[in-house]
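Undergrad: Quick one: sequence plus predicted model below, questions after.
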Amino acid sequence: MKIELLYFDGCPHYAEFLPRLRELLAAQDVEAEFVLRRIETREESEREHFLGSPTVRVDGVDVDPTANGREEFGLECRLYRTDDGLVGTPPEEWIRAALRRAR
């Protein structure tokens, strides 16, 4: 299993989220390759289908169930629409669900 956290330097959300993501992975007893990937250019964001920072992918699939088919690629902070409103990081339940699907 491969878990990626994609980000760009202009967004503070990924740095706040990184320790929480690592704790979540440890609590789920996940053995996986973890990759922290910085996206640096608009062209790279389009090539990588980067919807904003932070983006979490499990085996190449965005944990956001609404991500498929979206095309708002770019160097921007990402907002996630949840039942509690907009938040700057993906909900932990989405990550747990993606990990279950990957297993």
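TA: Here it is on my side, so go on.
Undergrad: from here on, contacts and neighbour counts on C-alpha atoms
TA: Noted.
Undergrad: Report the buried residues of the longest helix seen in the chain.
TA: Longest helix of the chain, by residue count under DSSP state H: helix 13-27. Neighbour counts using 16 or more other C-alpha atoms under 10 Å place 13-14, 21, 25 of helix 13-27 among the buried residues.
Undergrad: what comes into contact with that helix?
TA: With contact meaning C-alpha atoms under 8 Å, 6 or more residues apart in numbering, helix 13-27 is reached by 5, 7, 53-54, 77, 88-89, 92.
Undergrad: Most neighbours among the residues you listed, which one?
TA: Sorting those by how many neighbours each has (other C-alpha atoms under 10 Å) puts residue 54 first, at 30 neighbours.
Undergrad: hang on, it packs against residue 89?
TA: Yes. Assessed by C-alpha atoms under 8 Å, residue 54 is found in contact with residue 89 at 6.5 Å.
Undergrad: For the spatially most central residue of the chain, give me its contacts.
TA: By C-alpha atoms, centre = their mean, the mean C-alpha position of the chain lies nearest to residue 56, the distance being 1.8 Å. Contact partners of residue 56, counting by C-alpha under 8 Å, 6+ apart, are 3-6, 62-63, 90, 95.
Undergrad: For it, which non-adjacent residue is closest in space?
TA: Using C-alpha to C-alpha, 6 or more residues apart in numbering and skipping residues adjacent in sequence, the residue nearest residue 56 is residue 5, 4.7 Å away.
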